[in-house]
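Peer 1: just to be clear, the model below is a prediction. Sequence and coordinates:
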Amino acid sequence: MAVREILIYPQNENALRKQSKPVRKTDRNVKLLIKDLIDTLNTHHEGIGLAAPQIGVHRRVVIVCLGEDLEGEWHAGPPVALVNPRIVEAEDERKDFDGCLSFPGLYGETVRPHYLRVIGLDENGRTLEKVFEGFNAVLVHHEIDHLNGVLFIDHIETIEDLYRVSIDEDGRVIRVPISVYWKTYEQKARR
């Protein structure tokens, strides 16, 4: 399969809000879908997860690059497929970083569980039961949300929790709240 474009919101809101259907069996088509998701994710280097609805396929399949925090820096591992993932336990909800390839350049602070127990299937159709903790739980929760038509912006509590990343005059990476962009837009609209 060819690498697909990721559906961008709001142009494709209906497609991203649609519920995904369970996979009945992990056949050749599912394996091709997993390969397509991995290939697509690999072309978007800033991404660490991707759900089938983001490439226009409404099946319950996600890819996540689980990782670990080493000395304050996140290191993502290779892509792992979760088929028909279902959260059976979620705990330790708190704010953390969130972003989505369907909203390029937009980031936020959302409240998500930092402990998840998930059941489902692996890429070969074998039963899977796994615990995800810390940012891995945030990542898996985010991708499973896509299968249910839920987007990260749905978890945003206030406009101050949304931001873009920019470079300041000293060359440092900084967060610029969306409210700053909104005020600039309003000022230009009044002129």
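Peer 2: Thanks, I have the structure now.

Peer 1: state the mean pLDDT of stretch 103-114.
Peer 2: Per-residue pLDDT over stretch 103-114 has a mean of 95.

Peer 1: what residues does it touch?
Peer 2: 8-9, 90-100, 133-135, 137-138, 141-142, 151-153, 155-157, 161-165, 175, 178 (CB atoms under 8 Å, 6 or more residues apart in numbering). All C-beta atoms are positioned from the backbone trio N, CA, C, and that covers glycine.

Peer 1: now do 6 Å
Peer 2: Contacts with stretch 103-114, where a contact means CB atoms under 6 Å, 6 or more residues apart in numbering, come from 9, 90-93, 95, 98-99, 134, 137-138, 141, 152, 155-156, 161-164.

Peer 1: any stretches of the protein with poor pLDDT?
Peer 2: Counting by pLDDT under 70, the chain shows low-confidence ranges at 1-2, 182-191.

Peer 1: ok, which stretches of it are helices?
Peer 2: 13-16, 28-43, 135-147, 178-190 (DSSP state H).

Peer 1: quick one: those as CSV, columns for distance to residue 83 too.
Peer 2: Below are those laid out as CSV (distance: least, CB to CB, whole Å):
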stretch, distance to residue 83
helix 13-16, 20
helix 28-43, 7
helix 135-147, 11
helix 178-190, 35
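
Peer 1: of all the ones you listed, which lies closest to residue 54?
Peer 2: Closest to residue 54 of these is helix 135-147 (CB to CB; 6.3 Å).
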